[in-house]
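**Student:** build me a model from this:
(2 chains)
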Amino acid sequence: MPALGGFLWLISYWLIGEVVIHFTALPISSGVIGMLLLCATLAVRGRVPSSIAAAAQPLIGLLAMLIMPGVVGVFFIAGELAGQWTAILIALVVGTLLSVLTTLWLLKRLIGQPSGH
Amino acid sequence: MATNTWLSVLTATPLFAVGLTLAAYLAGSRLFQRLKRPAWLPAILIASLLLAGALALIGLPYATYQQDATWLTVLLGPATVALGMPLYQQLPRVVELWRPLTICLPVAATLAAFYALAIAWLLGSSDTILASIAAKSVTAPIAIGITEQLGGTTALLLGALLVTGVITIPCVSLAARLLHIDDERLIGFALGLNGHAIGTVRAFEISPTAGAFASLGMSLTGIFTALLLPLAWRLIGMGG
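**Tutor:** Residues are numbered from 1 along each chain as shown, chains lettered A, B, ... in the order given. Sure thing, here's the model as predicted:
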């Protein structure tokens, strides 16, 4: 079972992240530390070992399902946030539109001219 | 009460919550395909609506469900670590574009959080709400970690993520038209940076290049925000 070995790597990196956070009090989640460690390890080795690919690929495919229990929670806090929803929605919609405009404008200035002109 | 007996028999182990989640996920994905993959209604939203409906129908309290579903959600840790693999596969592209990226990414990723926070703050939202929507453009597994650091509500964060992801798609088409942009690389990057996984899925429908740039935008925004947002939050004295 190569996937099992890969899974052990992923869990170990996550646990290392926990230990790092405990001792440094960095305001980062252990998942992000583990992700950066994994990326660095792969960069040093210059390739993705098949055991890690076998564990990582299906887990990434399952991400949507893994966050579902949390997503469902939003329907159960709807009542607590009554009266706040308009502000939240305006902030998200207008904020996203402004942010998309800024991103595209910046990218256009920095990366290149549109290809079709 | 017969129904309560049934419920207590079934919920004696966490397997009922796990099974319910799997069933809703599969049914949601099937329905999503059947509806011809609408961009405004992601599969995860359909599945979550089904799941919420099922919980309400059988009278299982959300707190009980959430506790039992920990058997699944604990996998979010290693799954977040697993994102290091696609990140590694994108490194050549990062090296190739390091100069524009070092300027654009910090500004764009900061503004992605800032605009929404500023508007919500002006409209009088509470600190908890601000902490919950701050990571709205970050991919869910990373955003959950950030929100826990900031002291926000995960449920509200995930709702904000869904809204942001869905709204990013029409926003990008509109902005690209206004700015006369038809470069798929830029459109893809903007989709991933602002609309995380939902935007990235849309970008892959445009073209593989757009998709690759969207995943790049999504990963880099996630990392940048995860490293700096909790620190910035602490500096401005929010959340204690």
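
**Student:** any weak-confidence spans in chain A?
**Tutor:** A:112-117 (pLDDT under 70).

**Student:** same thing but 80
**Tutor:** Within chain A, the stretches with pLDDT under 80 are A:1, A:111-117.

**Student:** cool, chain B as well?
**Tutor:** For chain B, the ranges with pLDDT under 80 are B:1-4, B:39, B:237-240.

**Student:** domain assignment for the chain?
**Tutor:** Just so you know, I chose chain A. A:1-71, A:77-117 (automatic domain parsing).

**Student:** my question was about chain B
**Tutor:** Split by automatic domain parsing, chain B gives B:2-74, B:82-235.

**Student:** A:Ala78 is nearest to which of these?
**Tutor:** A:Ala78 sits nearest to domain B:82-235 of all those, at 8.9 Å, using C-beta to C-beta. (Glycine included, C-beta is placed from N, CA and C.)

**Student:** A:Ile67: which of the domains of chain B is closest?
**Tutor:** Comparing the domains of chain B by C-beta to C-beta, domain B:82-235 comes nearest, at 4.6 Å.

**Student:** let me know whether stretch B:100-110 sits next to chain A.
**Tutor:** Yes - for stretch B:100-110, a contact with chain A is found by C-beta under 8 Å from any C-beta of the partner chain, at B:100, B:103-104, B:107-108.

**Student:** list the contacts of A:Val71.
**Tutor:** Counting by C-beta atoms under 8 Å, 6 or more residues apart in numbering or on different chains, A:Val71 makes contact with B:44-45, B:48, B:155, B:158-159, B:162.

**Student:** next: B:Ala43.
**Tutor:** Going by C-beta under 8 Å, 6+ apart, the list of residues near B:Ala43 reads A:64, B:28-29, B:31-32.

**Student:** what's the answer for B:Pro78, then?
**Tutor:** So B:Pro78 contacts A:7, A:10-11, A:14, A:34, A:55, A:59 (C-beta under 8 Å, 6+ apart).

**Student:** checking B:Lys136 next. Helix, strand or coil?
**Tutor:** Of the three states, B:Lys136 takes coil under DSSP: H, G, I helix; E, B strand; the rest coil.

**Student:** that one touches B:Phe114, doesn't it?
**Tutor:** No - in this structure, B:Lys136 is not within contact of B:Phe114 by C-beta atoms under 8 Å, at 11.0 Å.

**Student:** of the two, who's got more company?
**Tutor:** B:Lys136 (33 against 17; other C-beta atoms under 10 Å in any protein chain shown).

**Student:** any idea how far the more buried one lies from chain A?
**Tutor:** Applying C-beta to the nearest C-beta, to the nearest Å, the value for B:Lys136 to chain A is 6 Å.

**Student:** ditto for B:Lys36
**Tutor:** 19 Å.

**Student:** can you count the residues close to B:Lys36?
**Tutor:** 6.

**Student:** can you check the one 4 residues further on too?
**Tutor:** When counting by other C-beta under 10 Å, one arrives at 9 neighbours for B:Trp40.

**Student:** try B:Leu122
**Tutor:** 11.

**Student:** go on, A:Met1?
**Tutor:** Using other C-beta under 10 Å: A:Met1 sits among 9 other residues.

**Student:** rewinding a little: looking at neighbours, which among the residues of stretch B:100-110 next to chain A is most surrounded?
**Tutor:** Among the residues of stretch B:100-110 next to chain A, B:Ala108 has more neighbours than the rest - 27 neighbours, counting by other C-beta under 10 Å.
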